[in-house]
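Undergrad: Sharing a sequence plus its predicted fold:
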Amino acid sequence: MKDGARCHTLADADRLYAAVADRVIALAESAVAARGRFHLALAGGNTPRRLYERLAARDDTDWNRWEIWFGDERCVAPEHQDSNYRMARETLLAHVPIPASQVHPMIADPAIAPERAAADYADALSAHLPQQAGWPILDAVLLGLGPDGHTASLFPGTPILDVLDTPVAAVHVPRLSAWRISLTLPVLAHARHLLFVVEGAGKSDVLARLARGPAAGEPPLPVERVSGPRAEWYLDAAARGSA
Ligand SMILES: O=C(O)[C@H](O)[C@@H](O)[C@H](O)[C@H](O)COP(=O)(O)O
């Protein structure tokens, strides 16, 4: 990547998810050794499904030390088919012995206004996570990449990109005609590790754009404001366009 991030390209999706699962398990081990807990924020969408299924099969980690957070969520009920929490529960959380008190869904009740849900989640992060410079510190954040360069629910041209004073915010996404809750730029900037996981030829165009960087006068894509030298990118060859 142009921003100095470390980029790993795996030959196929199976190797991609195996490599990311290994990295997450390794990060968990080092976090638990250092601080007794592993605070991991999960990505939503479709890409992470196979990763979470692979993690669920691992027995070489102390699940009791894991705390699960979410990078973003759709403002729907936890049982809704679009819920990132439901996807994570079906592929990972229902299959590993992480105590329920250590799983923190972003949306508990869709009747709560998005702004209120975001504020409540910000309070939960601050109450449970170690702080640095007034920011909650996640050990690792899993992130996907949209074809338009969004990550989490930081979509191009949306006001959440200007939220720099709180770790979580609500955002209405016109393209989706939907509300989302998302971690914001500053809390992502304070996370110890950012792991981007990108699979499939459908992402090759946006990855090629990232490899070029923004044109003169062009604003950076949201993902370019998140990634950087501390980020790790995991791609399959199809996404890299080298399949
Ligand atoms: O809630 C979400 O949808 C995600 O957090 C979002 O940022 C996702 O990672 C990208 O849109 C890629 O989605 P796919 O993995 O489905 O391509």
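TA: Yep, it's here.
Undergrad: which bits of this structure sit near the ligand?
TA: Contacts of the chain with the ligand, taken as Cβ under 6 Å from any ligand atom, map to 43-47, 71-72, 84, 144-146, 150-152. C-beta coordinates here come from the backbone N, C-alpha and C atoms, glycine included.
Undergrad: Start and end of stretch 86-104, how far apart?
TA: 12 Å (Cα to Cα, to the nearest Å).
Undergrad: Contacts for it next, please.
TA: By Cβ atoms under 8 Å, 6 or more residues apart in numbering, the residues outside stretch 86-104 that reach it are 42, 44, 48-49, 52-53, 55-56, 63-64, 66-70, 78-80, 121, 124, 128.
Undergrad: Please tell me the pLDDT value assigned to whatever residue of the chain ends up closest to the ligand.
TA: As assessed by Cβ to the nearest ligand atom, the ligand sits closest to residue 144 within the chain, at 2.2 Å. We have a pLDDT of 98 for residue 144.
Undergrad: So it sits against residue 196, correct?
TA: Yes: counting by Cβ atoms under 8 Å, residue 144 touches residue 196, with 7.4 Å between them.
Undergrad: nearest to residue 213, of the residues of the chain next to the ligand?
TA: Nearest to residue 213 among these is residue 145, at 15.5 Å by Cβ to Cβ.
Undergrad: ok, and the closest non-adjacent residue to the closest one?
TA: Excluding the flanking residues, the one nearest residue 145 by Cβ to Cβ, 6 or more residues apart in numbering is residue 198, at 4.9 Å.
Undergrad: Tell me how many other residues surround the one you found.
TA: Residue 198 has 26 neighbouring residues, counting by other Cβ atoms under 10 Å.
Undergrad: Provide a list of residue ranges in this protein with pLDDT below threshold.
TA: For the chain, the stretches flagged by pLDDT under 70 are 1-2, 243.
Undergrad: Could you rerun that using 90?
TA: 1-4, 108-110, 229-230, 242-243 (pLDDT under 90).
Undergrad: Which helix runs longest in this protein?
TA: Determined from DSSP state H, the single longest helix within the chain is helix 13-35.
Undergrad: export that helix as CSV, just CAs?
TA: Below are the C-alpha coordinates for helix 13-35, written out as CSV (Å, rounded to 0.1, in the frame of the first residue of the first chain):
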residue,chain,number,x,y,z
ALA,A,13,-9.6,-17.3,-0.2
ASP,A,14,-8.9,-20.4,1.9
ARG,A,15,-5.3,-19.3,2.5
LEU,A,16,-6.4,-15.7,3.1
TYR,A,17,-8.8,-16.7,5.9
ALA,A,18,-6.3,-19.2,7.4
ALA,A,19,-3.6,-16.4,7.5
VAL,A,20,-5.9,-13.9,9.1
ALA,A,21,-7.2,-16.4,11.6
ASP,A,22,-3.5,-17.2,12.6
ARG,A,23,-2.8,-13.5,12.9
VAL,A,24,-5.9,-12.8,15.1
ILE,A,25,-5.0,-15.8,17.4
ALA,A,26,-1.4,-14.5,17.7
LEU,A,27,-2.7,-11.0,18.6
ALA,A,28,-5.0,-12.5,21.2
GLU,A,29,-2.1,-14.4,22.7
SER,A,30,0.1,-11.2,23.0
ALA,A,31,-2.8,-9.1,24.3
VAL,A,32,-3.7,-11.7,27.0
ALA,A,33,-0.1,-12.1,28.0
ALA,A,34,0.3,-8.3,28.3
ARG,A,35,-3.0,-7.2,29.7
